[in-house]
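Engineer: Fold the following.
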Amino acid sequence: MKTYRLDDDELEAALGAAEQMRAEGNDPHHLAKALRYLHERNIALQALLVATDKYLRFGMPEHELSQMRLLVNRLREPELAADDSNDIDGTLPI
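Structural biologist: Below is the predicted model:
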């Protein structure tokens, strides 16, 4: 299955519809909640990709390494806080 990237207008429309579903309490299958969660996670992963790309392309600048650590910790926080988390690596520092 080939996936296609949404353009900005399509993404904005989908996020708007998800917000409307949430506001109306009309999300029985949690599609709007999943879309909002995945959109926020995608933003965080994109920021991590940019920091990692700079780090790998331009050597070992401490600023990019520090930024990567912060972004990875921010991405790990919700999963570590989950009740069903059994990730042993989550307890180890980066």
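Engineer: Could you identify the helix or strand that succeeds the top helix by length along the chain?
Structural biologist: Scanning the chain for the helix with the most residues, using DSSP state H, yields helix 31-58. Downstream of helix 31-58, the next assigned helix or strand under DSSP states H and E is helix 62-81.
Engineer: do you know how far residue 64 is from residue 73?
Structural biologist: Relative to residue 73, residue 64 is positioned 15 Å away (C-beta to C-beta, to the nearest Å). C-beta coordinates here come from the backbone N, C-alpha and C atoms, glycine included.
Engineer: Point out where the chain drops to low pLDDT.
Structural biologist: For the chain, applying pLDDT under 70 flags the ranges 60, 80-94.
Engineer: Grab the most central residue of it for me.
Structural biologist: Nearest to the mean C-alpha position of the chain, by C-alpha atoms, centre = their mean, lies residue 41 at 1.2 Å.
Engineer: re the thing from before, between residue 64 and residue 73, which one's more packed in?
Structural biologist: Using other C-beta atoms under 10 Å as the criterion, residue 64 and residue 73 rank with residue 64 on top: 19 against 12.
Engineer: how about residue 55, what does it touch?
Structural biologist: 61, 64-65, 68 (C-beta atoms under 8 Å, 6 or more residues apart in numbering).
Engineer: Show me which of these is closest to residue 13.
Structural biologist: Using C-beta to C-beta, residue 68 comes nearest to residue 13 of the contacts of residue 55, at 32.8 Å.
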